[in-house]
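1. the following comprises the amino acid sequence and a computationally predicted model.
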Protein chains: 2
Amino acid sequence: MDIVIYLYNGLTALDAIGPYEILSRLPNANVKFVGKEKSLIVSDTHFLKLFAEYDITEIDQADILLIPGSVVGFLRESKDPNLLAWINKIDKTTTWTTSVCSGSIILAAAGLLKDKKATSHWGVIHLLKNYGSIPLKERYIQEGKIITAQGVSAGIDMSLYLASKIVGEENAKAYQLFIEYDPKPPFHSGNIDEADPETIELAKKILRTEARKDLTIFDILKNAQALLKLERGK
Amino acid sequence: MDIVIYLYNGLTALDAIGPYEILSRLPNANVKFVGKEKSLIVSDTHFLKLFAEYDITEIDQADILLIPGSVVGFLRESKDPNLLAWINKIDKTTTWTTSVCSGSIILAAAGLLKDKKATSHWGVIHLLKNYGSIPLKERYIQEGKIITAQGVSAGIDMSLYLASKIVGEENAKAYQLFIEYDPKPPFHSGNIDEADPETIELAKKILRTEARKDLTIFDILKNAQALLKLERGK
């Protein structure tokens, strides 16, 4: 079972790694991290680098496709015709096409969410309308073979649901126990409709700060790759 | 604020990335992914490779130290005197020393949990006693400056708690909203004391399967690094 996770600079790491933690343990899972180039990929906060072991020209099918979100990187990705064509090509072969957070905006830009209900991070969910999609605030939404999830951490819930579709509820429950997913957030502030106004204002401030970080992302990546090359040469 | 996350082959990715997603956004956060060597590090299911940008000889202090867990890799790590000495050295400089999942066994092996309450993944929590630590089934436990968390996903809850200690509850709540951490697991099976016997049996079966994967982890990593080197040389 080929599980293709698309990596791009500026992605939010947990969007990809939450579902990975479940899906990579499915029987016969073969997870492929795919980038525009085989390269180190840097996350939105600049520190973590993940390895895209395949480039998109090497991948022409998937059983599951997962598009993670980002703070602002998704805007760049959703305007890249090569990427959108690749997503369309892969989607024609998938059993499941999925997204987490603002990854749904990329799916929408690829034309896959037209006239479909979908969800996304609270900060960008309104953008779905621009692509003829019907935004709904649900933790995750299945529309046929497409499942979109809310922001960042929602990918964990979504992937457990997806696992239950593939290997049945009993096995999915075992994966939940395996990752001891018995969430006990110390606060009750994860839902935009239930958070207090001060929390929302602070979260929007964080969003603006994080968005600015994207400006220098390529320089930071270049440095990391130069460092890696240096080490390899030893 | 230097946040040092130790990466090692066979780690469970979400153990590191859950807390990373919160901690890397703290004001003045400088997250350093540290390995025994500057190298790609492969996760327990073999597919994901993370870049350890620093080696342990380069790092001699941290404000926050985080030791992630693994399915079996922690056993190797907890017998490595160089690593344990490094952890002790760093711990002397930290404001917070933390672990997720079986990472607490490594902290215990380093002597840091003696006579202290601590927690871990349900599959390995009994090992804490071997090091004079007092195992307790709590989502996360603070003992002075040490915080240990339960399995895998518990690192998210722990890091929100830690964030509240550093930047206050109001800001921590905003980080929770930022990652839209409003968990809605499709099942109620994440707690070993509440899961049904079939789920527990299946989860133990997954654990055994995952443990076997560790046997070939180094070969897989070698292949990935050879591939990366090849690409760099183009």
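-> Right, received. Where do you want to start?

2. ramachandran coordinates for residue A:3?
-> Here the main-chain torsion angles of residue A:3 (degrees, to the nearest 10) amount to phi -110, psi 110.

3. ok, it - contacts?
-> By C-beta atoms under 8 Å, 6 or more residues apart in numbering or on different chains, the contact set of residue A:3 is A:23, A:24, A:26, A:29, A:30, A:31, A:32, A:62, A:63, A:64, A:66. For glycine as for every other residue, the C-beta is placed from the backbone atoms N, C-alpha and C.

4. how about TSV for the residues you listed, with secondary structure and neighbour count added?
-> Converted to TSV, the contacts of residue A:3 look like this (DSSP: H, G, I helix; E, B strand; the rest coil; neighbours: other C-beta atoms under 10 Å in any protein chain shown):
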residue	secondary structure	neighbour count
A:23	helix	26
A:24	coil	22
A:26	coil	23
A:29	coil	19
A:30	strand	14
A:31	strand	24
A:32	strand	16
A:62	coil	24
A:63	coil	17
A:64	strand	24
A:66	strand	27
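
5. check those residues one by one and keep those near chain B.
-> A:24, A:29, A:30, A:31, A:32 (C-beta under 8 Å from any C-beta of the partner chain).

6. tabulate the contacts of residue A:3 (a markdown table), appending pLDDT.
-> Output for those, formatted as a markdown table (pLDDT from 0 to 100):
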| residue | pLDDT |
| --- | --- |
| A:23 | 98 |
| A:24 | 97 |
| A:26 | 96 |
| A:29 | 97 |
| A:30 | 98 |
| A:31 | 98 |
| A:32 | 98 |
| A:62 | 98 |
| A:63 | 98 |
| A:64 | 98 |
| A:66 | 98 |
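
7. neighbours of residue A:92, how many?
-> Counted by other C-beta atoms under 10 Å in any protein chain shown, the residues lying close to residue A:92 total 10.

8. tell me the phi and psi of it?
-> Dihedral angles for residue A:92 - degrees, to the nearest 10 - are phi -60, psi -20.

9. who touches the closest residue to residue A:196 other than its chain neighbours in this structure?
-> Distances taken as C-beta to C-beta, 6 or more residues apart in numbering or on different chains place residue A:189 nearest to residue A:196, at 7.4 Å, with adjacent residues excluded. Residues near residue A:189 by C-beta under 8 Å, 6+ apart: A:195, A:196, A:199, B:173, B:174, B:176, B:177.

10. so which residues make contact with the helix or strand where residue A:142 lies?
-> Assessed by DSSP states H and E, residue A:142 sits inside strand A:140-143. Among residues not part of strand A:140-143, those counted as contacts by C-beta under 8 Å, 6+ apart are A:113, A:116-119, A:147-150, A:154, A:157-158, A:161.

11. name the residue closest to the centre of chain A, please.
-> residue A:68 (1.2 Å; C-alpha atoms, centre = their mean).

12. contacts for the following helix or strand past the strand holding residue A:142 next, please.
-> Later in the chain than strand A:140-143, the nearest helix or strand by DSSP H and E is strand A:146-149. Contacts of strand A:146-149 with the rest of the structure, by C-beta under 8 Å, 6+ apart, involve A:96-101, A:103-104, A:107, A:112-113, A:116, A:118-120, A:139-141, A:155, A:157-158, A:161-162.

13. which of the contacts of residue A:189 sit farthest apart?
-> A:196 and B:176 (11.9 Å; C-beta to C-beta).

14. tell me which residues of the helix or strand containing residue A:20 are tucked away?
-> Element membership for residue A:20 (DSSP H and E) is helix A:13-23. Residues A:13, A:14, A:15, A:16, A:17, A:18, A:19, A:20, A:21, A:22, A:23 are the ones in helix A:13-23 that count as buried (16 or more other C-beta atoms under 10 Å in any protein chain shown).

15. great, nothing more from me.
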